[in-house]
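Engineer: For reference, the sequence and a predicted model appear below.
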Amino acid sequence: MTATALPARTGHTGSRHLAGTGALLRFNLRRDRVVIPAWVAVTALLVLSLPGSLRSVYSTPAERADIARQMLSNSSLRATYGPVFSDSLGGLTAWRIGGYAAILAGIMSLIVVVRHTRDEEESGRQELVSSAMVGRSAPLTAALLTAFVADSALALLITAGLAGQGTAGALAFGLGIGGVGMVFATLAAIVAQFTDSGRLAKGLTGGLLGTAFVLRAVGDSTTDDASSPATWISPIGWLENLRPFASERWWVLALFTAAALLQGFAAYELAGRRDVGMSFLPARPGPANGRLGTAAALAWRLQRGAVLGWSLGFFAAGVAFGGITKGVADLVGDNAKTREIIERMGGRSGIEDAFLATMVGMFGMLAALYAVSSVLRLHSEETTGRAEPILANAVGRLRWAAGHLTIAFAGAALIMLLSGLGLTLGYGAEPGPILAATLVQLPAVWTLGALAVLLHGLSPRLSPLSWAAAGLALLLGWIGPALNLPRTVLDISPFGHLPKLPGGDMAWGPVMALTGIAAALIAVGLTALRRRDLTT
């Protein structure tokens with residue numbers, strides 16, 4: 001099916017096109033009353049924890065100035081984190097976490113917009129809503145306003161939390177991160193007009209977000225002042241060039257505003273030129289036989305794009321972090337506190353091995369996000385009603401679920417292996433120890449994925465708790481060692497029980513125990529899924 005022109009409905013001025021926007025906004029915020037606050041809180045906490053950690057590691061202005069000089073002279077570190085424009089605590093915070101906080105804001109924003117636009121049309125709910133007193137532009141407006149509320153809350157928390165480091169810098173940093181979020185919110189609104197699947201819209205917009213990060217990294221690897229054209233093409237590069245806490249360039253905020261307004265205008269124009277539920281690039285119909293004749297084949301067709309995207313991302317990140325490993329010893333130098341934090345995260349077998357173990361652990365925690373996302377494809381298939389026609393045929397629930405779970409758990413193993421291969425190539429070492437270290441992370445990854453199976457099996461309403469568990473594991477692994485949290489707190493995460501490889505001693509007990517726990521959770525979850533009613 002193709003998009004249909006609707007000349008009489010292309011206008012977007014006048015109150016009739018916005019009728020019902022307020023009610024839809026309230027409804028969106030009610031639906032996201034857990035997801036948005038949780039995402040905003042975790043992102044803000046990651047940012048606000050940095051000044052204290054940096055103060056404990058680099059306690060004197062001389063130490064901070066020295067680390068800033070070393071960062072500027074290392075092209076690999078500039079590609080990873082960007083250039084340093086100020087050796088103050090605020091400036092180092094913006095350098096260390098700015099790009100990654102912007103990515104989190106972008107992901108949150110694109111998910112919110114696609115969830116309340118293309119997902120609603122795909123499920124058929126938007127057609128029911130549009131049959132009431134709701135204007136043509138109201139759903140898109142409400143979705144963008146929901147993203148604006150989320151990004152504004154994040155910007156406000158960051159500004160308030162970093163105000164002690166400098167009010168102007170904190171305001172610029174908060175507005176910059178919120179601005180990146182709105183750029184990708186409006187970009188997602190455009191992409192949603194071209195796809196007939198919410199999952200594809202999220203994947204394509206996420207790919208554009210990844211491209212923005214790569215452009216920023218390529219540009220920063222060639223210059224030490226973020227002046228490369230590649231950096232200026234990327235919205236994440238705009239955040240760097242805003243220069244929070246370093247003689248702020250307030251005019252850069254106009255780039256975020258202009259991009260969001262232009263993309264928003266394009267999204268409204270495109271939305272007004274198609275029917276509800278249609279798209280400008282509809283998917284081709286395919287045969288329900290041959291390669292798509294089984295539930296497992298259908299699951300692979302639905303999830304292959306995500307597997308490919310995660311695989312490429314992990315491999316590229318592995319190469320990047322492997323390339324800076326040999327410079328870690330020079331970077332740490334005689335700073336005992338920095339060495340202590342790296343050793344808490346990666347073990348005490350030598351600074352390079354400890355850094356590699358730290359990176360392997362971070363890849364494992366990120367792979368858990370993939371595993372949870374892939375498992376919860378069961379949730380989206382069930383709640384949108386797409387699972388019911390499949391299960392109405394000669395396909396049992398266990399067989400249907402097995403296809404998606406195989407991709408979730410085998411895919412996690414694949415992306416971890418590729419991250420290990422990337423680390424090996426970047427570091428230039430023998431592949432055996434690093435690849436073995438990546439595989440050791442799998443029991444913890446599978447445990448969090450298995451928890452998602454259990455929660456979904458008990459009730460689809462419990463599925464969002466899977467993200468909370470994965471986010472908590474990431475949060476503990478990211479800032480726990482820097483804050484020197486007690487061992488009992490760090491052990492809440494399954495990753496806290498794994499041996500620190502490469503370099504450390506292998507401990508089979510925790511690995512086997514976590515594997516057994518994962519298997520038990522999956523078994524209980526599948527049993528519950530088999531016995532309960534489907535939710536639509």
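Structural biologist: Sure, I can see it. Numbering: from 1, shown residues only.

Engineer: show me where pLDDT drops low in this structure?
Structural biologist: Residue ranges of the chain with pLDDT under 70: 1-15, 74, 76, 277, 282-293, 327-350, 480-485, 536.

Engineer: now do 50
Structural biologist: 1-13 (pLDDT under 50).

Engineer: Which strands and helices lie in contact with the helix or strand hosting Phe213?
Structural biologist: Secondary structure from DSSP states H and E places Phe213 in helix 198-222. If contacts are counted by 3 or more C-beta pairs under 8 Å, 6 or more residues apart in numbering; DSSP states H and E, helix 198-222 sits against helix 75-81, helix 89-115, helix 118-123, helix 167-194, helix 229-233, helix 235-242, helix 295-325. Where you see a C-beta, it was placed from the backbone N, CA and C, and this is true even at glycine.

Engineer: What are the buried residues along the third one?
Structural biologist: Neighbour counts using 16 or more other C-beta atoms under 10 Å place 118-123 of helix 118-123 among the buried residues.

Engineer: Those residues: which two are farthest apart?
Structural biologist: Greatest spatial distance in the buried residues of helix 118-123: Arg118 and Ser123, 9.7 Å, computed using C-beta to C-beta.

Engineer: Need the distance between the two termini of stretch 381-397.
Structural biologist: Taking C-alpha to C-alpha, to the nearest Å as the measure, stretch 381-397 stretches 12 Å from start to finish.

Engineer: nope, stretch 79-95 is what I was after
Structural biologist: Using C-alpha to C-alpha, the end-to-end distance of stretch 79-95 comes out at 11 Å.

Engineer: Correct me if wrong: Thr146 contacts Arg26.
Structural biologist: No. Look at Thr146 against Arg26 with C-beta atoms under 8 Å: they stay out of range, at 9.8 Å.

Engineer: Between those two, which is the more surrounded one?
Structural biologist: Thr146 (25 against 12; other C-beta atoms under 10 Å).

Engineer: got a list of what the more buried one touches?
Structural biologist: Each residue near Thr146 by C-beta atoms under 8 Å, 6 or more residues apart in numbering is listed here: 25, 28-29, 32, 36, 112-113, 116.

Engineer: next one: phi and psi at it?
Structural biologist: phi -60, psi -40 (degrees, to the nearest 10).

Engineer: gap between it and Asn28?
Structural biologist: Distance, Thr146 to Asn28, using C-beta to C-beta, to the nearest Å: 4 Å.

Engineer: shared neighbours of these two, which are they?
Structural biologist: 112, 116.

Engineer: Quick one: list the elements packing against the host helix or strand of Trp467.
Structural biologist: Counting by DSSP H and E, the element that carries Trp467 is helix 464-483. The elements that helix 464-483 packs onto, with contact taken as 3+ C-beta pairs under 8 Å, 6+ apart, are helix 35-48, helix 50-57, helix 336-346, helix 351-375, helix 442-458, helix 487-490.

Engineer: again, only this time at 6 Å
Structural biologist: helix 336-346, helix 351-375, helix 442-458 (3 or more C-beta pairs under 6 Å, 6 or more residues apart in numbering; DSSP states H and E).

Engineer: now the longest one against helix 464-483, angle please.
Structural biologist: Angle of helix 351-375 versus helix 464-483, following axes from the mean of the first three to the mean of the last three C-alpha atoms, to 10 degrees, is 170 degrees.

Engineer: Any idea how far helix 351-375 is from the middle of the chain?
Structural biologist: Chain-centre distance of helix 351-375: 13 Å, with C-alpha atoms, centre = their mean, to the nearest Å.

Engineer: List the buried residues of that helix.
Structural biologist: 351-375.

Engineer: One more: the last one?
Structural biologist: Going by neighbour count (16+ other C-beta under 10 Å), the buried part of helix 442-458 is 442-457.

Engineer: re earlier: Provide the contact partners of the helix holding Phe213 at residue level.
Structural biologist: Helix 198-222 is contacted from outside by 75, 78-79, 82-83, 106, 110, 114, 118-119, 122, 184, 187-188, 191-192, 195, 228, 230-231, 233-237, 305, using C-beta atoms under 6 Å, 6 or more residues apart in numbering.

Engineer: angle of that helix against helix 351-375?
Structural biologist: Counting by the same axes, to 10 degrees, helix 198-222 lies at 160 degrees to helix 351-375.

Engineer: ok, Ala254 - how many residues close by?
Structural biologist: As a burial measure, Ala254 scores 11 neighbours (other C-beta under 10 Å).

Engineer: before we move on, the earlier item: Ala429: which of the buried residues of helix 442-458 is nearest?
Structural biologist: For those, the residue nearest Ala429 by C-beta to C-beta is Leu442; the value is 20.8 Å.

Engineer: ok, back up a step: for Leu298, which of the helices and strands packed on helix 464-483 is the nearest?
Structural biologist: That would be, of the helices and strands packed on helix 464-483 and by C-beta to C-beta, helix 351-375, which comes in at 14.3 Å.

Engineer: Moving C-terminal from the closest one, which element do we reach first?
Structural biologist: helix 377-383.

Engineer: what about that following helix, distance to the chain center?
Structural biologist: Counting by C-alpha atoms, centre = their mean, helix 377-383 comes out at 20 Å from the chain centroid.

Engineer: what's the following helix or strand after it?
Structural biologist: Next helix or strand after helix 377-383 toward the C-terminus (DSSP H and E): helix 387-391.

Engineer: In CSV, list the C-alpha atoms belonging to that next one.
Structural biologist: Listed next in CSV are the C-alpha coordinates belonging to helix 387-391 (Å, rounded to 0.1, in the frame of the first residue of the first chain):
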residue,chain,number,x,y,z
ALA,A,387,1.1,-13.0,18.2
GLU,A,388,-2.5,-14.2,18.3
PRO,A,389,-2.8,-15.1,14.6
ILE,A,390,0.4,-17.1,14.8
LEU,A,391,-0.7,-19.0,17.9
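
Engineer: residues in contact with that helix?
Structural biologist: Helix 387-391 is contacted from outside by 381, 400, using C-beta under 6 Å, 6+ apart.

Engineer: following that helix, which helix or strand shows up next?
Structural biologist: Note on helix 387-391: by DSSP H and E, the next helix or strand toward the C-terminus is helix 397-427.

Engineer: how many degrees apart are that next one and helix 295-325 in direction?
Structural biologist: Going by the same axes, to 10 degrees, helix 397-427 makes 20 degrees with helix 295-325.

Engineer: Next, the buried residues of stretch 494-502.
Structural biologist: By neighbour count on 16+ other C-beta under 10 Å, the buried set for stretch 494-502 is 494-502.
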